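Novice: sequence isn't available, so here's the structure alone:
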C-alpha cells in the first residue's frame, strides 16, 4: 500500500468533530507549551551536554509558566482547583508507592 492509498483509505474513519467547547483551546495550548518545554530540554542535552545555565533556566521558567496558565484554565473549565488536582496526584503517587507500582504502565495500576 502506498502512503497516498493509506491517506485515501484512512479518510473512511474520519469525521468532523465539533470543537467549539471552551476546554479545547487551553488543552491544545497545554500540549503546545509542554512540547516547547520538551524541545528546550532536548536542545540542552543535544547541544550543551545537559548543562542548564541561568538563561536556559529562565527560558524554561517562562515556558513552565505558560504550561501552568493553560493547566489552570483547563481546571477552571472542569470546576477543579489546582490544589485539589495536586493533592489527588500526590495521593495517587503515594498509593502506587505503597503498592510498589510507581513504575510500569497503566493509569489504574
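Specialist: Perfect, thanks for sending it. Just so we're clear, the structure is a prediction, and the values are computed from it rather than from any experiment.

Novice: just checking, what packs against the host helix or strand of residue 84?
Specialist: Using DSSP states H and E, the element containing residue 84 is helix 82-99. On a contact count with 3 or more CB pairs under 8 Å, 6 or more residues apart in numbering; DSSP states H and E, helix 82-99 meets helix 54-78. In this view, the C-beta of every residue, glycine as well, is placed from N, C-alpha and C.

Novice: buried ones in the helix holding residue 84?
Specialist: Within helix 82-99, no residue counts as buried by 16 or more other CB atoms under 10 Å.

Novice: what's the answer for stretch 51-62, then?
Specialist: Result for stretch 51-62 [16+ other CB under 10 Å]: buried residues 59-60.

Novice: which residues sit against it?
Specialist: Residues outside stretch 51-62 that contact it (CB atoms under 8 Å, 6 or more residues apart in numbering) are 37, 40-41, 44, 48.

Novice: mind running it again at 10 Å?
Specialist: Residues outside stretch 51-62 that contact it (CB atoms under 10 Å, 6 or more residues apart in numbering): 33, 36-37, 40-41, 43-45, 48.

Novice: and which of those is nearest residue 66?
Specialist: residue 33 (4.2 Å; CB to CB).

Novice: residues in contact with that closest one?
Specialist: Residue 33 neighbours (CB under 10 Å, 6+ apart): 62-71.

Novice: now do 6 Å
Specialist: 66-67, 70 (CB atoms under 6 Å, 6 or more residues apart in numbering).

Novice: cool, thanks, talk later.
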